[in-house]
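Enquirer: just coords:
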């Protein structure tokens, strides 16, 4: 067996501290969600995987179909979408270069939990179940790096679940915009996000809210100088301002909940 460089520690990738409420909360989320497999790690995986290029808009697989192995994105983006009803959906995750998707295929008798669609021309590596087991046997350190990446993405999904159950639409939208500002290809060089009609729909599906609810929050951002509107296109400003706005929104919500609990206890 060839000697290989030790893979990164999962604690270094994901961080050991949970995201904090209030000040600095979103930075912890972004740091964890921003991990990527390195070029060297992707090269090691490529020796065992099937490589494919998907045109923009191509559906790689659909929810409910038999799942096998795991995919790694080499370039481009893959949008994972759950169909809610005709014309609407929910996007739990967007996998970019160095990230994975379809990992449910590592379970026995698994089926895909979402649709997976190439958002632009996208190149992927696919490790079937058999090739994944060979990779683990022969390249254990790189296999650990791959599983660390999968666990980081699982942590990000659990954080999304917490947001959906505890945060308001405004807080979820700000958190989503902050994440998008860190995404390659979805943000400008300076981190600004241009929301045309397609990106606007994607934003609504990531937030898990109606267009009307998202429009109300974006109108507030425009009024506060954190976004500008040019016809149907909205441009969201610097991510650092969004982080400060989100932290303040979170603090206000926590104060309101604590006040409500105190009133209930007094009664």
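Expert: That came in fine, so what should we check first? Note that this is a predicted model, so its numbers are computed, not measured.
Enquirer: any idea which helix or strand carries the closest residue to residue 142 other than its chain neighbours?
Expert: Distances taken as C-beta to C-beta, 6 or more residues apart in numbering place residue 44 nearest to residue 142, at 4.2 Å, with adjacent residues excluded. Using the backbone N, CA and C atoms, a C-beta is placed for each residue, glycine as well. Element membership for residue 44, per DSSP states H and E: helix 39-46.
Enquirer: past that helix, which element shows up next along the chain?
Expert: For helix 39-46, the following helix or strand on the C-terminal side (DSSP H and E) is strand 50-54.
Enquirer: where's the nearest residue to residue 41 once chain neighbours are set aside relative to residue 169, distance?
Expert: Once flanking residues are discounted, residue 41 sits nearest to residue 145: 4.9 Å by C-beta to C-beta, 6+ apart. According to C-beta to C-beta, to the nearest Å, residue 145 and residue 169 sit 36 Å apart.
Enquirer: against residue 43, how distant is the nearest residue to residue 205 once chain neighbours are set aside?
Expert: Spatial nearest neighbour of residue 205, chain neighbours left out: residue 91 (4.2 Å); criterion: C-beta to C-beta, 6+ apart. Going from residue 91 to residue 43 by C-beta to C-beta gives 29 Å.
Enquirer: which of those two has more neighbours?
Expert: Taking other C-beta atoms under 10 Å, residue 91 and residue 43 do not tie; residue 91 has more neighbours (22 against 12).
Enquirer: that one is in contact with residue 80, isn't it?
Expert: Yes: using C-beta atoms under 8 Å, residue 91 is in contact with residue 80, at 6.5 Å.
Enquirer: how about the strands in the stretch 101-250 of the chain?
Expert: Here the stretch 101-250 of the chain has its strands, by DSSP state E, counting those that start in this stretch, at 115-118, 122-127, 193-195, 227-230, 233-236.
Enquirer: those strands: which one's closest to residue 204?
Expert: Among the strands of the stretch 101-250 of the chain, the nearest to residue 204 by C-beta to C-beta is strand 193-195 (10.0 Å).
Enquirer: helix/strand/coil for residue 37?
Expert: Following DSSP: H, G, I helix; E, B strand; the rest coil, residue 37 is assigned to coil.
Enquirer: dihedrals phi and psi, it?
Expert: Main-chain torsions, residue 37, degrees, to the nearest 10: phi -70, psi 140.
Enquirer: how about it: what's its closest non-neighbour residue?
Expert: Using C-beta to C-beta, 6+ apart, the nearest residue to residue 37 is residue 98, at 4.4 Å.
Enquirer: burial measure for the one you found, as a count.
Expert: By other C-beta under 10 Å, 19 other residues sit near residue 98.
Enquirer: kindly report the same for the one 10 residues further on.
Expert: Other residues within reach of residue 108, judged by other C-beta under 10 Å, total 5.
Enquirer: any idea how far it is from residue 211?
Expert: In terms of C-beta to C-beta, residue 108 sits 40 Å off from residue 211.
Enquirer: identify the bridge partners of the residue nearest the centre of the chain.
Expert: Among the residues of the chain, the one closest to the centroid is residue 93, at 4.0 Å (C-alpha atoms, centre = their mean). Beta-bridge partners for residue 93, by DSSP bridges, are residue 80.
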